[in-house]
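> Sequence first, predicted coordinates after that:
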Amino acid sequence: MYMHANGAIPAYEDVASKFFEHFTAIADAINHLGGTGLWDDQDGFYYDEIHMDGREIPLKTRSLVGLIPLIAVEVLDEHVLDGLPEFRKRMDWFLKHRTDLAERVSCIEPLDAHQADHRRRLLALPSRDRLTRMLAYMLDETEFLSPFGIRSLSKVHERAPYVFRCGGEEFHVRYDPGESTTGLFGGNSNWRGPVWLPLNFLIIEALERYHYVYGDTLRVDFPTGSGNPRSLKQVADELSDRLVRLFVPGSDGRRLCHGDDRCYVDDAHWRDLVLFHEYFHGESGRGCGAGHQTGWTALVTLLMEKAAKRNARSAMKTTHPSHGH
């Protein structure tokens, strides 16, 4: 939001209002259109649907497509809204007169009783309950959670490929952790199982936003079923560390992204050449696809910076422990 001396430029407040209204309408459609929208309450997951012969058929593949709704989250702080009077006026009018959509915007009371005026409005596609159910899949090592981030397709489809039958033909979606085993879509397998960094980055940012609202009141097992509860900020940090691990040399000098290619370990001329591959093998971390995707894989540098700051703070606490001051 652009600001001038007297607050936000009105034209930008108007644009923000329009985006706010569009968000709530889209959220309602995804969650309620046709009764349940794209949400499958039995499975606890969002699925694509295909309209064919007058029927709506859910495509029950557990993929990143079904996790993308959790990325659509934003937090509006009340003290920020105070500086946007036209936006607040239009938002309040919209929520009052479109009660059918108003439930898509949650008003969250402050976590700290000393911040009674610090109320927040949460804009998110999944409710808290749905978010928790989605995360149970996402953080399951037999499903999405890889040692190197979030897979683009659940590993469950390795032993149980999804089959779609149409016009006497069968179409299969199978978990491929690395290079594609099919020529469909040019043989590209970004969405068939590998770890795709840009979507992982957006998931991490979303988890941090949810934590900003829910704090430690929302904790989930990491990994699922481990009995090891973590806040969403801790989950975000853990996922970030897994992605960073792809690029950092281990004790043997090998970077996971280079696979078994020894020239990146043994040859001094190649040792510090780090390639930003298009995606990464879901089981080994080896870089796959194009080796020049600096436009999105370079996002890992931001995660590295955050990880370095976390490590520095941790080291500071270890070196200078608090004595109650």
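Sure, I can see it.
> Mind picking out the helix or strand in this structure with the poorest mean pLDDT?
Here the helix or strand of the chain ranked lowest by mean pLDDT, DSSP states H and E is strand 3-4, holding a mean of 45.
> Show me the contact partners of the biggest helix by length in the chain.
Scanning the chain for the longest helix, with DSSP state H as the assignment, gives helix 10-32. If you take C-beta atoms under 8 Å, 6 or more residues apart in numbering as the criterion, helix 10-32 is touched by 1-2, 37-39, 46, 69, 72, 74, 84, 86-87, 90-91, 94, 98, 100-102, 104-105, 123-125. Heads up, the C-betas are built off the backbone N, CA and C, glycines and all.
> Now do the contacts for Leu299.
Under the criterion of C-beta under 8 Å, 6+ apart, the contact list for Leu299 reads Leu197, Pro198, Phe201.
> now it: how far from Gly215?
Relative to Gly215, Leu299 is positioned 26 Å away (criterion: C-beta to C-beta, to the nearest Å).
> Likewise for Ala236?
When distances are taken as C-beta to C-beta, Ala236 and Gly215 turn out to be 13 Å apart.
> Remind me what the following helix or strand past the longest helix of the chain packs against, helices and strands.
Following the chain from helix 10-32 toward its C-terminal end, the next helix or strand by DSSP states H and E is strand 39-40. Taking 3 or more C-beta pairs under 8 Å, 6 or more residues apart in numbering; DSSP states H and E as contact, the helices and strands that strand 39-40 lies on are strand 45-46.
> Quick check: mean pLDDT of the strand it packs on?
For strand 45-46, mean pLDDT rounds to 96.
> Can you tell me the strand partners of that strand and which way each runs?
strand 39-40 (antiparallel) (DSSP bridges).
> Give me the distance between the partner strand and the centre of its chain.
Relative to the centre of its chain, strand 39-40 is centred 18 Å away, using C-alpha atoms, centre = their mean, to the nearest Å.
> which SS state does the most centrally placed residue in the chain fall under?
For the chain, the residue whose C-alpha lies nearest the mean C-alpha position (C-alpha atoms, centre = their mean) is Ile203; its distance is 1.5 Å. When the structure is split into helix, strand and coil by DSSP: H, G, I helix; E, B strand; the rest coil, Ile203 lands in helix.
> picking up where we left off before, between Ala236 and Gly215, tell me which one has more neighbours.
Ala236 (22 against 16; other C-beta atoms under 10 Å).
> Find the residue closest to Met138 in space, skipping its chain neighbours.
Distances taken as C-beta to C-beta, 6 or more residues apart in numbering place Phe144 nearest to Met138, at 4.8 Å, with adjacent residues excluded.
> can you confirm His51 is in a strand?
Yes: counting by three-state DSSP, one finds His51 located in a strand.
> ok, now how distant is it from Arg165?
According to C-beta to C-beta, His51 stands 16 Å off from Arg165.
> Run a quick neighbour tally on the spatially closest residue to Val173 that is not a sequence neighbour.
In space, not counting the residues next to it along the chain, Val173 is nearest to Tyr162; the distance is 4.2 Å by C-beta to C-beta, 6+ apart. A count of neighbours around Tyr162, defined by other C-beta under 10 Å, yields 18.
> Quick one: residues contacting Tyr162.
The contact partners of Tyr162, taken as C-beta under 8 Å, 6+ apart, are Leu59, Lys60, Thr61, His172, Val173, Arg174.
> again, but for Gly66
The neighbourhood of Gly66, defined by C-beta under 8 Å, 6+ apart, consists of Phe45, Tyr46, Tyr47, Asp48, Met134.
> can you rerun that using 7 Å?
The neighbourhood of Gly66, defined by C-beta atoms under 7 Å, 6 or more residues apart in numbering, consists of Phe45, Tyr46, Tyr47.
> Check the secondary structure at it for me.
Gly66 ends up helix, using three-state DSSP.
> Which pLDDT value goes with it?
95.
> Ok, His323 next?
54.
> swap in Ser152?
In the prediction, the pLDDT value recorded for Ser152 is 96.
> surely it meets Ser63?
Yes: the pair Ser152 and Ser63 passes the contact test of C-beta atoms under 7 Å, sitting 6.3 Å apart.
> Between these two, which is the more surrounded one?
Relative neighbour count places Ser152 above the other of Ser152 and Ser63, with 26 against 23, counting by other C-beta under 10 Å.
> how about that one, what does it touch?
Each residue near Ser152 by C-beta under 7 Å, 6+ apart is listed here: Ser63, Leu64, Asn190, Trp191, Arg192, Gly193, Pro194, Trp196.
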